[in-house]
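Participant: Kindly generate the corresponding structure for this input.
(2 chains)
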Number of protein chains: 2
Amino acid sequence: MNNNPINIRVIPSLFTLANLLFGFLALALTMDGKFKLAAGLIILSTLMDSMDGKVARKLSVSSDFGYELDSLSDLVSFGVAPAILTYRALLQDQLGYWGLALAAIFALCGAVRLARFNVLHISNYFVGVPITFAGGFMALILLFHSMLPWPIYAICLAILAFLMVSTFKVPKPGV
Amino acid sequence: MNNNPINIRVIPSLFTLANLLFGFLALALTMDGKFKLAAGLIILSTLMDSMDGKVARKLSVSSDFGYELDSLSDLVSFGVAPAILTYRALLQDQLGYWGLALAAIFALCGAVRLARFNVLHISNYFVGVPITFAGGFMALILLFHSMLPWPIYAICLAILAFLMVSTFKVPKPGV
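Facilitator: Here you go, the predicted model:
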């Protein structure tokens, strides 16, 4: 593995950093009221997230550094960004501080799930719904935030928060 | 360690989750234009962050789960939240997209630093400036954002981003 030149070893992390960058930009766009663009960027983050692991395995350059960076990026792009986006686009007006509390619970449950995943080292199934799915799903339905009734978003946020910290076994695609 | 009742084992993680919660709320307050309150919450996060490790050692309940949760929370509270706050309070008006790029670089450098720290396992000194210091320092000077000239914030953000990913040895307090 150490025989690979540095430019090959960093390639998976570039996808991971792109995931984080899109999550960060989604937060900035949310502040400017560009909710659909922000949702689109979170969906782009899910694509980057699905690439980094594949590229690392293909190039045989998986690393602990890569795993850590992946978790950190996932919390921003699929925990914090969708929560802030849902709050700002819908829940702030409809639920006020209760909406903020719900959004915060989603982000905190996402962090607990990621920390638990990193110490469990189970590779053939997921324990609880992955944060990438939860955040990606929220972003997907937020593309239609002006068409669907707002309670759907509050209910989805609450259910997905619970499912992330639940101990249900979720099959991994391809395993 | 396993003899401790569950309520004692979770106490350090409650401080860590408080750190993350304050970082998340700082982002929400930044969106509402409450910049000083947001900066104050990030400073509160630094207090929570200094408590969790101390409490875990005092109660002899340090865990890998706690370390992972700590890193995840630190990226939000001391990487993403100060970057978005600096961008929104000052750099967006002054530098536009260049300000957004600078803020994103700060957050990305914070993530790289945290991922590197987690795999290096060096306990007696820091490699590069800790993200808690970088984010806490930005929050502290952002309390005075209406009094100091804006280029100070852009320069501090750039220097701290570089110092986080640098390989300088920084002494740990108390070691």
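Participant: okay, CA-based contacts and neighbour counts for the rest of this
Facilitator: Noted.
Participant: so how far is B:F144 from the residue nearest in space to the middle of chain A?
Facilitator: By Cα atoms, centre = their mean, chain A has its centre lying nearest to A:F78, at 1.9 Å. A:F78 is 32 Å from B:F144, where distance means Cα to Cα, to the nearest Å.
Participant: And for A:A139?
Facilitator: 35 Å.
Participant: do A:T30 as well
Facilitator: Separation of A:T30 from B:F144 (Cα to Cα): 25 Å.
Participant: how about the strands in chain A?
Facilitator: Assigned by DSSP state E, the strands in chain A fall at A:125-127, A:169-171.
Participant: so can I have JSON lines of these showing mean pLDDT, mean neighbour count and distance to chain B?
Facilitator: Converted to JSON lines, the strands of chain A look like this (pLDDT from 0 to 100; neighbours: other Cα atoms under 10 Å in any protein chain shown; distance: least, Cα to the nearest Cα, whole Å):
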{"stretch": "strand A:125-127", "mean pLDDT": "78", "mean neighbour count": "17", "distance to chain B": "15"}
{"stretch": "strand A:169-171", "mean pLDDT": "77", "mean neighbour count": "12", "distance to chain B": "19"}
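Participant: how about the residues of chain A near chain B?
Facilitator: Residues of chain A lying near chain B by Cα under 8 Å from any Cα of the partner chain: A:17, A:20-21, A:24-25, A:27-28, A:31, A:64-66, A:68-69, A:71-73, A:75-76, A:80, A:84, A:104, A:108, A:111-112, A:114-116, A:118-119.
Participant: before we move on, back to that, more crowded one of A:A139 and B:F144?
Facilitator: Between A:A139 and B:F144, counting by other Cα atoms under 10 Å in any protein chain shown, A:A139 is the more crowded of the two (27 against 13).
Participant: Find the nearest non-adjacent residue to the more buried one, please.
Facilitator: Once flanking residues are discounted, A:A139 sits nearest to A:A39: 4.7 Å by Cα to Cα, 6 or more residues apart in numbering or on different chains.
Participant: pretty sure that neighbour contacts A:L27?
Facilitator: No. Counting by Cα atoms under 8 Å, A:A39 stays clear of A:L27, with 9.7 Å between them.
Participant: can you list the weak-confidence ranges in chain A?
Facilitator: Residues of chain A that meet the criterion pLDDT under 70 lie in A:1-6, A:123, A:173-175.
Participant: now the helices for it?
Facilitator: Secondary structure of chain A (DSSP state H): helices at A:6-9, A:11-31, A:35-58, A:64-74, A:81-86, A:92-95, A:97-120, A:131-142, A:151-165.
Participant: Could I get the ones you listed in CSV, plus columns for distance to B:V170?
Facilitator: As requested, the helices of chain A are exported to CSV (distance: least, Cα to Cα, whole Å):
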stretch, distance to B:V170
helix A:6-9, 26
helix A:11-31, 25
helix A:35-58, 31
helix A:64-74, 21
helix A:81-86, 32
helix A:92-95, 42
helix A:97-120, 27
helix A:131-142, 34
helix A:151-165, 36
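Participant: out of those helices, deepest packed?
Facilitator: helix A:81-86 (a mean of 29; mean count of other Cα atoms under 10 Å in any protein chain shown).
Participant: Run the chain-centre distance for that one.
Facilitator: Put simply, helix A:81-86 sits 10 Å off its chain's centre (Cα atoms, centre = their mean, to the nearest Å).
Participant: and if you look at stretch A:147-157?
Facilitator: Remark: stretch A:147-157 is offset 18 Å from the chain centroid, using Cα atoms, centre = their mean.
Participant: Can you dump the C-alpha atoms of that stretch in PDB for me?
Facilitator: Taking Å, rounded to 0.1, in the frame of the first residue of the first chain, the C-alpha atoms of stretch A:147-157 are listed here in PDB:
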ATOM      1  CA  MET A 147     -45.600  21.100  -2.900                       C
ATOM      2  CA  LEU A 148     -45.900  18.700   0.100                       C
ATOM      3  CA  PRO A 149     -47.600  19.600   3.500                       C
ATOM      4  CA  TRP A 150     -45.100  20.600   6.200                       C
ATOM      5  CA  PRO A 151     -46.100  18.000   8.800                       C
ATOM      6  CA  ILE A 152     -44.600  15.300   6.500                       C
ATOM      7  CA  TYR A 153     -41.200  16.800   7.000                       C
ATOM      8  CA  ALA A 154     -41.500  17.100  10.800                       C
ATOM      9  CA  ILE A 155     -42.700  13.400  11.000                       C
ATOM     10  CA  CYS A 156     -40.000  12.200   8.700                       C
ATOM     11  CA  LEU A 157     -37.300  14.000  10.700                       C
END
